[in-house]
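In: 3D model of this:
(2 chains)
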Amino acid sequence: MSPHTDTPVSHTAEREAVIRNAGLAPDEDWVIVTRNIQRDYDMGGEVVHALRGVDLAIRRNEYVAIMGPSGSGKSTLMNLIGCLDTPTAGEYWLNGMLVSDMSDDELARVRNREIGFVFQTFNLLPRATALHNVELPLVYAGVPSQERKRRATQALERVQLGDRATHRPNELSGGQRQRVAIARALVNEPAILLADEPTGNLDSGTSAEIMRVFESLATEGQTVIMVTHEADIAAHAKRIVVLRDGRISSDERRDTFAQRVALAQAAH
Amino acid sequence: MSGVTPSRSASPSRKRLTDVPFLEAIRLALSQIRAQKLKSFFTLLGVTIGVMFLIAVVAVINGMGRYMEEEFAGKLMGVNTFTLRHRPYFEMHTTDEEWRSFARRPRIYLHDVEPVVKALPPDIMWAVESRDQIPVSTKDMRPRDVEAFAVDGSFFEIRNLNVASGRLIAPHEFASGAKVVVIGQDVKKRFFPTTSALGRELRIGGVPYRIIGVMEEQGSVFGLSVDKFVVGPMNSPLARLLNRRFGVIDGIILKSSSMQGMRDGMERVRQVMRGRHKLRPAQPDNFSIETTESALTFWAKIENILVMAGIVLPALGLVVGAIVIMNIMLVAVAQRTREIGIRKSLGARRRDILSQFLVEAATLSTIGAAFGILLGIGLAALVAQISPMPASVAPWSVVTAVILGAGVGIISGMYPAARAARLDPIVALRQE
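Out: Numbering: from 1, shown residues only, chains lettered A, B, ... in the order given. Model (predicted):
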């Protein structure tokens, strides 16, 4: 599945320059490129540097986990990647667009079109049916009602919940709720699926079920970025980025990461 | 690096002019209201009551106005009829100053009648009248206050009064001042409930009068009977009970066969009376000439006062309603902060959130207005049932109510909706 091949890329030359300067392979399809992004918070006169300059590049179809202890800046990074926030400094290119200096409404549009969120607490609307929850991003995209229903039903079927369309969240199990959330994240065919501790509120059996869903989506070609502090969850991803004190401390393939973790544990 | 326009707008149907469709927003609002019925009920109360009063008060005013035009003016004054009096009969807000000037005015006398009538074309009918509330009695019944008229000329024709039994006062009785009266239905029923009143005696100011006719039933105006009257000749002793000074009368009633005849007649009477009162051109009239229009003008003044009341009461209700709605919407925004965060994370822009809450507030108060319209129509029907006022609902008041309802919602929803729209999605999502 590659839904974004028709994407008209703005700032092509500028972006190519950024990619060249970052030493990235110009012939690869970089869906995310950040250049030295920083995020400072003003906590009552005291400036907190949550991100101190992060360079991260993610290819289309990659399955990446972002790890780090609390306070490492991974939530801040997730908010920036998810376009819920803008960096204090640095550039963020998402799917060919420079999103780091966009206005609120432009960011809302990017969230609507390019990003599918999956949250730890599912964040479904409690009074809406599964179908209506999945329809929501299409509502804000201005898709007419009939097409909305059709696409939302398809998305629910993709996560094996076609028969639960009329159920409300409180009539669904935790795993089912998270699958509804995944269907909602996928319904607009986003450039990236951004999951924030997607298994944090689930038991281990259900967690495995959700990880299988991500696995198969990644296999189908969906770019998946997962933020977690659990190593065994992160180990499902093909590539693992570890943050520490607002900077990337390691960025490696799963097998090297596993080796290192195993070594560290052995040393204990 | 400015002016970035993220565009994946491959197809023009993706153009986001129409935000969240309007119907979608209303549907959302309705489900929100359904979810919290009791709270919504109290939210709506202020608007409902305000609109109810608006509809009902306007209905009563409307009904009274129509009644004035159709019934009252015709019954009490007659068509193409005007009256010469020394001071206006239909007058409100008379200041002390005006009152004193009215009291100083010369009265109208019987000897004014001939010159006035002579100045008018022969097709004009005339009558003179004096009237007052005075007690009448019979030998064996206690006195009762009735409206007593001392008249002359074509009084019965102009007033369109016909006998139910007996006869009217004959010309020779008018001329001689015979002690005869015709009585209204109420007087007949009061003093002669079971027997015929014809030929019987009625005492007015201690003087016995013979009843020669009983008039047809007139009905009522504003619930007050207009059948409680007696009419006798102007030349009879009755006149002295109504106006103590000899020769003084309340007024001269003149009826033309056409509107134009009435207009011309009024001007001629004015000139005659100015001459008789020896007024110089600069001096204002010191007498009054009134038509049914004067009665309606009088009504219009009352109506204005009622309309003011009809505006203040509903306005209070709506202001209270607006404050309640604003409060409820602020609570709703606080309670649904997380929902707002979710919607924003899924791509809702500020204006989507803003319009969601505005539409919700407007829907809420429009529903309140709808209930108010129904209750107001019911209240108007009730007033029409239990009182003589013929309330009739004005279509414009219903339209106004709907517009007011939506308007109150939008105005009171503005601030809460703006607050919701400004929320930072990250902060909103973090809320439990």
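In: which residues in the stretch 201-350 of chain B form strands?
Out: B:201-204, B:207-215, B:220-221, B:224-225, B:229-233, B:248-249, B:251-255, B:288-291 (DSSP state E, counting those that start in this stretch).
In: Mind putting those strands into JSON lines with distance to B:W396?
Out: Where you see a C-beta, it was placed from the backbone N, CA and C, and this is true even at glycine. Below are the strands of the stretch 201-350 of chain B laid out as JSON lines (distance: least, Cβ to Cβ, whole Å):
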{"stretch": "strand B:201-204", "distance to B:W396": "50"}
{"stretch": "strand B:207-215", "distance to B:W396": "41"}
{"stretch": "strand B:220-221", "distance to B:W396": "27"}
{"stretch": "strand B:224-225", "distance to B:W396": "30"}
{"stretch": "strand B:229-233", "distance to B:W396": "39"}
{"stretch": "strand B:248-249", "distance to B:W396": "45"}
{"stretch": "strand B:251-255", "distance to B:W396": "36"}
{"stretch": "strand B:288-291", "distance to B:W396": "28"}
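In: ranking those by mean pLDDT, which is last?
Out: For the strands of the stretch 201-350 of chain B, mean pLDDT drops lowest on strand B:220-221, to a mean of 64.
In: which residue is nearest the middle of chain A?
Out: By Cα atoms, centre = their mean, chain A has its centre lying nearest to A:L194, at 1.4 Å.
In: Checking that one next. Helix, strand or coil?
Out: strand (DSSP: H, G, I helix; E, B strand; the rest coil).
In: if I look at it, how far off is chain B?
Out: 10 Å (Cβ to the nearest Cβ, to the nearest Å).
In: Mind checking if stretch A:159-171 is in reach of chain B?
Out: No: Stretch A:159-171 stays clear of chain B (Cβ under 8 Å from any Cβ of the partner chain), getting no nearer than 11.5 Å.
In: What lies in contact with that stretch?
Out: A:122, A:124-131, A:133, A:152-153, A:156, A:172, A:176-177, A:179-180, A:182-183, A:186, A:213 (Cβ atoms under 8 Å, 6 or more residues apart in numbering or on different chains).
In: Stretch B:22-31 too?
Out: A:127, A:139, A:145, B:355-356, B:359-360, B:362-364.
In: and it, how far from the chain's centre?
Out: 40 Å (Cα atoms, centre = their mean, to the nearest Å).
In: picking that back up, tell me how far the residue nearest to the centre of chain A lies from A:T34.
Out: From A:L194 across to A:T34, the span is 14 Å (Cβ to Cβ, to the nearest Å).
In: if I pick whichever residue of the stretch 251-400 of chain B sits closest to chain A, what's in contact with it?
Out: Closest contact between the stretch 251-400 of chain B and chain A, by Cβ to the nearest Cβ, is at B:G347 (2.3 Å). B:G347 sits next to A:108-109, A:111-113, A:137, A:140-141, A:188 when contact means Cβ under 8 Å, 6+ apart.
In: Compare those and tell me which is most surrounded.
Out: Among the contacts of B:G347, A:P137 has the most neighbours (other Cβ atoms under 10 Å in any protein chain shown), with 30 neighbours.
In: I'd assumed A:V187 was in contact with that residue.
Out: Yes: contact criterion Cβ atoms under 8 Å: A:P137 and A:V187 qualify, at 5.7 Å.
In: Name the residues contacting each of these two.
Out: A:G116.
In: any common contacting residues for A:L194 and A:T34?
Out: Joint contacts of A:L194 and A:T34 (Cβ under 8 Å, 6+ apart) are A:I81.
In: Now do the contacts for the one residue in the stretch 101-250 of chain A that gets nearest to chain B.
Out: Using Cβ to the nearest Cβ, the closest approach of the stretch 101-250 of chain A to chain B is made by A:N112 at 2.3 Å. Counting by Cβ under 8 Å, 6+ apart, A:N112 touches A:137, A:140-141, A:188, B:346-347.
In: Name the helix or strand for it, please.
Out: helix A:104-114 (DSSP states H and E).
In: about what we covered before: among the contacts of stretch A:159-171, which ones lie close to chain B?
Out: Residues of the contacts of stretch A:159-171 in contact with chain B (Cβ under 8 Å from any Cβ): A:124-125, A:127.
In: how near is B:I108 to B:S130?
Out: Counting by Cβ to Cβ - B:I108 and B:S130 are separated by 10 Å.
In: Who has more neighbours out of these two?
Out: Comparing B:I108 with B:S130 by neighbour count (other Cβ under 10 Å), the higher total belongs to B:I108, at 27 against 22.
In: Bridged to that one, which residues?
Out: B:I249 (DSSP bridges).
In: how far away is it from B:L354?
Out: For B:I108, the distance to B:L354 - Cβ to Cβ - is 71 Å.
In: now swap in B:V117 and tell me
Out: In terms of Cβ to Cβ, B:V117 sits 76 Å off from B:L354.
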